[in-house]
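Undergrad: need a 3D model of the following:
(one chain, ligands or ions: 2)
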Amino acid sequence: MTYLSLLLHSCRALVYCWSIVLFLFAFPNSVRAVAITDPVGDFLPTYTGTQAGDLDVIAADVILDGNQLVFSGTVNGTVGTTAGTYYVFGLDRGLGAPIFALSGSPLLPNEDKVLFDAAVVISGDGLTGLVADLSTGAPVITPFPTSDITISGNTVTATLPLSLFTTSPAFLPPQQYAFNLWPRLGLDASNNAQVSDFAPDNATASVSPVPEPAGLGLAAFGILFWLFRGRGRTSEPSRAVTASDY
Ligand SMILES: [Ca+2]
Ligand SMILES: [Ca+2]
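TA: Ligands and ions are numbered 1, 2, ... in the order given. Next comes the predicted model:
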């Protein structure tokens, strides 16, 4: 390999690496786990309300982003279309109970793995948001500002301080929290017929962490190492240097 071609190869590798580093820092969410998905039209047989798209979850995610939890749900219609719709994220911080299988009417024994010890409630009109802590018996209700809620098309998001949830040493670390999202038409906690859909079905999904910048740096270093290692393996066999190389 000539001196000039070696220089070109090195510059090309550096350009690749800087492009990847800039991409990772510009779009950190692109490297986190993807949201869970849920089937279209899988309304619960016990649900008695209108089967509108904004009551049918198709994707959901809860992201642990530093000192915030970002709750995000996407439904099969424009959020806010059906008056009286609420979106509830059940959060299991380690003390979760199968509340739908144990209480309310009708009982939902097929949802006995939907465990939660807190609920984040967001109204479809974006005008109401609250956290209900269920870990100590009677619910402890904490409203949060509507400025924490974002509604955009089919997606509703609430960005909340982690401190709203880490209220007891008995809870798991936030990285181990799990969640479920269910819409409901009405907010009568004793009326399970108001619940239209669960996502995921009869399960909870793990909270997704966002990598810290240090983690991204390590990832970029790993890519850099891989590129140079690959170059080394595919380079031409060594030979004696001649005057024509310069
Ligand atoms: Ca669904
Ligand atoms: Ca479902």
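Undergrad: residue in the chain nearest to ligand 1?
TA: Asp38 (4.0 Å; Cβ to the ion). The way it works is simple: take the backbone N, C-alpha and C, and place the C-beta from them, glycine included.
Undergrad: how about that residue, what does it touch?
TA: 57-60, 197-201 (Cβ atoms under 8 Å, 6 or more residues apart in numbering).
Undergrad: among those, which ones lie close to ligand 2?
TA: Residues of the contacts of Asp38 in contact with ligand 2 (Cβ under 5 Å from the ion): 197, 199, 201.
Undergrad: for these, give me TSV that also has neighbour count, secondary structure and pLDDT.
TA: Converted to TSV, the ones next to ligand 2 among the contacts of Asp38 look like this (neighbours: other Cβ atoms under 10 Å; DSSP: H, G, I helix; E, B strand; the rest coil; pLDDT from 0 to 100):
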residue	neighbour count	secondary structure	pLDDT
Asp197	23	coil	98
Ala199	26	strand	98
Asp201	16	coil	98
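Undergrad: thinking again about what came up before, next one, pLDDT for the residue of the chain closest to ligand 1 please.
TA: pLDDT, Asp38: 98.
Undergrad: excluding its backbone neighbours, what's nearest it?
TA: Spatially, and ignoring its direct neighbours in sequence, Asp38 is nearest to Ala199 (3.7 Å; Cβ to Cβ, 6 or more residues apart in numbering).
Undergrad: circling back: any idea how far ligand 2 is from the residue of the chain closest to ligand 1?
TA: With distances taken as Cβ to the ion, to the nearest Å, Asp38 is found 4 Å from ligand 2.
Undergrad: again, but for Val210
TA: 26 Å.
Undergrad: quick one: neighbours of the residue nearest to that residue when sequence neighbours are not counted, just the number.
TA: Nearest residue to Val210, sequence neighbours excluded (Cβ to Cβ, 6+ apart): Asp65, at 4.7 Å. Look at Asp65: counted by other Cβ atoms under 10 Å, it has 15 neighbours.
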